[in-house]
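Enquirer: Kindly generate the corresponding structure for this input.
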Amino acid sequence: MKKLINGLAGVGLAMAISGGALAADLGATYRASYCPYYSASDILSYSEPEIQAMVQGFLSEAEAELASATVVNSTKPSFVWASETKFSCNVALSYFRTGYLDDESVQKCDCFHTRMTNYR
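Expert: As a prediction, the model looks like this:
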């Protein structure tokens, strides 16, 4: 019985250590792996109504892509970038609804949209 408990404790410790390391690695590489140049987007040079219209358009495009069998069944990362676009544009639009322009979410929406359109 003691061997079984020690064995289970060792497995639990190994899982905790590897899980923690993995989580730390994912957090450190987020920007580098997804959209390293989102802050280089020039979308913020437009007026707020124009930005909001662009973000709404990007969201509509992403939703259309996600409904397309071609994108869903593609071997390219089209589906991933359409999903990222939809999520980030929804975040940006949520900020707009509160009367706030969130620079980072708008720039990510633009960047992810660009990535999405690169795989068409």
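Enquirer: Which secondary structure element is home to the nearest residue to Ser39 once chain neighbours are set aside?
Expert: Take Ser39 and drop its neighbours on the chain: the residue closest to it by C-beta to C-beta, 6 or more residues apart in numbering is Gln107, 5.9 Å away. Bear in mind the C-beta positions are built from the backbone N, C-alpha and C, glycine included. Using DSSP states H and E, Gln107 falls within helix 103-118.
Enquirer: Next one, pLDDT for the residue nearest to Ser39 please.
Expert: We have a pLDDT of 93 for Gln107.
Enquirer: That one and Thr114, how far apart?
Expert: Distance of Gln107 to Thr114, computed by C-beta to C-beta, to the nearest Å: 11 Å.
Enquirer: coming back round to it: contacts for the helix holding Gln107, please.
Expert: For helix 103-118, contacts defined as C-beta atoms under 8 Å, 6 or more residues apart in numbering pick out 34-35, 37-39, 41, 43-44, 51, 54-55, 58-59, 61-62, 65, 78, 81-82, 84-85, 88-89, 91-92, 95.
Enquirer: Using CSV, write down the CA coordinates of it.
Expert: Listed next in CSV are the C-alpha coordinates belonging to helix 103-118 (Å, rounded to 0.1, in the frame of the first residue of the first chain):
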residue,chain,number,x,y,z
ASP,A,103,-6.3,50.2,-28.8
GLU,A,104,-5.0,46.7,-28.2
SER,A,105,-8.2,44.8,-29.1
VAL,A,106,-8.7,46.9,-32.2
GLN,A,107,-5.2,46.3,-33.4
LYS,A,108,-5.4,42.6,-32.7
CYS,A,109,-8.7,42.4,-34.6
ASP,A,110,-7.0,44.1,-37.6
CYS,A,111,-3.9,41.9,-37.4
PHE,A,112,-5.8,38.6,-37.1
HIS,A,113,-8.0,39.7,-40.0
THR,A,114,-4.9,40.3,-42.1
ARG,A,115,-3.6,36.8,-41.1
MET,A,116,-7.0,35.3,-42.0
THR,A,117,-7.1,36.9,-45.4
ASN,A,118,-3.6,35.7,-46.1
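Enquirer: No further questions, thank you.
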